[in-house]
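Engineer: kindly return the folded structure for what I paste below:
(chains A and B)
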Amino acid sequence: MAEDIKEIAEVPSFTVTLMVRRYDPEVSEEVKWVDYDVTVYGTDRVLDALHKIKWEIDGSLTFRRSCAHGVCGSDAMRINGRNRLACKTLIKDLDITQPIYVEPIKGLAVEKDLVVNMEPFYKAYRDINPFLIATDKPEKERIQSPEDRARFEDTTKCILCAACTTSCPVFWTDGQYFGPAAIVNAHRFIFDSRDEGAEVRLDILNDKEGVWRCRTTFNCTEACPRGIQVTKAIAEVKQAILRGRA
Amino acid sequence: MSVVIETPNSPRSRKQANWEKYGWIYMRVSGAALVVLIFVHLIANLVVPDGGIKAIDFAFVAGKWAAPFWQWWDLAMLWLALIHGTNGMRTIVNDYTEKEGVRKTLVVSLWGVCTALIVLGTLVIFTFDPCPAGAAAELLPSFCPVQ
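Structural biologist: Below is the predicted model:
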């Protein structure tokens, strides 16, 4: 009886090959793909496999992760050619008969292995004033109707993982472009009825490197691990600029 | 030790007037107009005439350009399509060139070619004469009056 339960409760395990794009400037300028065979469980995510490699096979493998549960946005990486969070990608959902390719997100300079320099990304984010701009003092609650709140509900979900911006072909070739994430976060305040800085932000995004660079390829919407309709948000910002107000 | 916190709200510098917005609007408006212009053009040339696609010849074009309506129709197509196409190419150049000198050269040559084509095309549409006076008779199409 006890044996039966054990058999039912056991999570199936299998072996997969991970091909990880490695780069360590302190050792060599060469970028190379290194393959690792790991035994994982059906409940494991790509992040678990990376942990297994780092903890059991090669401690020099470097990647970012913090909460490991899809909230902090630290572990965005390119898995099998698509930008995803390693902590939200179940290995069993990938084609495990083939090696799983893991590489850093594109368009930002690689510092080591899967770690990229996020500074240009954060710079664009800071440039759109990602904070409430209001003239009245915060003495009482700022009331907002559910309808007004719904206008920017979608864009509040952003975790700044950079999956969208680094999936954008315009950003790959033009690092000056604000990128989808910055526009999403501008959208979050532009359409907030409590905020008074819409005009300033629309003016910032009406830049040569602003929303008009967007070619609506929808890569960002597909890449977003939070399911934000990124391209739609960008289109709403374009419309707001044409109208001259939110 | 003092911590210096960067001012978060210093906006990017805006050096020049920004035409990107107008470029973006132009692409949408001209694109929509061109859908109508081009399909009417195709139908009028290839479907409506007796004989279908075989009906197009020098006389057919000469007949069309004798009417001011088709002159202006073709003029609209010429201008809208050339500027639309050139602006699209400019966007691609802006995306993919890395050196400023190369980018400038390419953009300037694009607009140079566009201007030349527009000027030539406009001249042809409005000055077109199928039977120019004083031309050698054997070079003229058959429908021209005998001089």
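Engineer: going forward, measure contacts and count neighbours with C-alpha atoms only.
Structural biologist: Will do.
Engineer: ok, now how distant is the residue lying closest to A:Leu114 once chain neighbours are set aside from A:Ile133?
Structural biologist: Spatial nearest neighbour of A:Leu114, chain neighbours left out: A:Pro104 (4.4 Å); criterion: Cα to Cα, 6 or more residues apart in numbering or on different chains. According to Cα to Cα, to the nearest Å, A:Pro104 and A:Ile133 sit 35 Å apart.
Engineer: neighbour count winner among these two?
Structural biologist: Neighbour count, other Cα atoms under 10 Å in any protein chain shown: between A:Pro104 and A:Ile133, A:Pro104 has more, with 26 against 14.
Engineer: tell me the pLDDT at that one?
Structural biologist: pLDDT for A:Pro104: 97.
Engineer: who's in contact with it?
Structural biologist: Taking Cα atoms under 8 Å, 6 or more residues apart in numbering or on different chains, we find A:Pro104 in contact with A:Arg21, A:Met77, A:Arg78, A:Val110, A:Asp113, A:Leu114, A:Val115, A:Val116.
Engineer: show me where the chain has helices.
Structural biologist: Chain wasn't specified; assuming chain A. For chain A, the helices defined by DSSP state H occupy A:2-9, A:46-52, A:119-127, A:146-150, A:169-173, A:180-190, A:198-205, A:219-223, A:230-243.
Engineer: actually chain B
Structural biologist: Per DSSP H, chain B carries helices over the ranges B:20-42, B:58-64, B:68-96, B:100-127.
Engineer: closest one to A:Gly73 among these?
Structural biologist: Proximity to A:Gly73 (Cα to Cα) singles out helix B:68-96 among the helices of chain B, at 28.0 Å.
Engineer: still on that earlier bit, so which of the contacts of A:Pro104 is the most crowded?
Structural biologist: Result: A:Met77 is most packed of these (other Cα under 10 Å), 26 neighbours.
Engineer: isn't it right up against A:Leu85?
Structural biologist: Yes - if you go by Cα atoms under 8 Å, A:Met77 and A:Leu85 touch, sitting 6.2 Å apart.
Engineer: shared neighbours, the two?
Structural biologist: Common contacts of A:Met77 and A:Leu85 (Cα under 8 Å, 6+ apart): A:Ala163.
Engineer: who in chain A is up against chain B?
Structural biologist: Chain A has residues A:Arg126, A:Asp127, A:Ile128, A:Asn129, A:Val170, A:Thr173, A:Asp174, A:Ile204, A:Asn206, A:Asp207, A:Lys208, A:Trp212 near chain B, with proximity defined as Cα under 8 Å from any Cα of the partner chain.
Engineer: filter the residues you listed down to the buried ones and hand me the PyMOL line.
Structural biologist: Here is the PyMOL command that selects the buried residues among those (16 or more other Cα atoms under 10 Å in any protein chain shown):
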select buried, chain A and resi 126+127+128+129+170+174+204+206+207+208+212
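Engineer: max pairwise distance over the residues of chain A next to chain B: which two?
Structural biologist: Spanning the widest gap among the residues of chain A next to chain B are A:Asn129 and A:Thr173, at 24.6 Å by Cα to Cα.
Engineer: worst-scoring helix or strand of chain A, pLDDT-wise?
Structural biologist: helix A:2-9 (a mean of 65; mean pLDDT, DSSP states H and E).
Engineer: hmm, who's touching the lengthiest strand in chain A?
Structural biologist: Secondary structure of chain A per DSSP state E: the longest strand is strand A:28-41. Strand A:28-41 has contacts (Cα under 8 Å, 6+ apart) with A:11-24, A:49, A:52-53.
Engineer: where does the chain dip in pLDDT?
Structural biologist: Just going to use chain A. For chain A, the stretches flagged by pLDDT under 70 are A:1-8.
Engineer: wait, chain B was what I had in mind.
Structural biologist: B:1-17, B:147.
Engineer: name the nearest residue to A:Leu205, ignoring sequence neighbours.
Structural biologist: Of all residues not flanking A:Leu205 in the chain, A:Val211 sits nearest, at 5.8 Å (Cα to Cα, 6+ apart).
Engineer: with A:Asp174 instead?
Structural biologist: If the residues on either side of it in the chain are set aside, A:Asp174 comes closest to B:Asp95, at 6.1 Å by Cα to Cα, 6+ apart.
Engineer: what sits against the one you found?
Structural biologist: With contacts defined as Cα under 8 Å, 6+ apart, the neighbours of B:Asp95 are A:Val170, A:Thr173, A:Asp174.
Engineer: for these, which one is nearest B:Leu46?
Structural biologist: A:Val170 (39.5 Å).
Engineer: contacting residues around that closest one?
Structural biologist: So A:Val170 contacts A:Tyr177, A:Arg213, A:Cys214, A:Arg215, B:Asp95 (Cα under 8 Å, 6+ apart).
Engineer: tell me, how many residues neighbour the first one?
Structural biologist: By the criterion of other Cα under 10 Å, A:Tyr177 has 26 neighbours.
Engineer: surely it and A:Asp207 touch.
Structural biologist: No - when contacts are counted by Cα under 8 Å, A:Tyr177 is not listed as touching A:Asp207 (9.3 Å).
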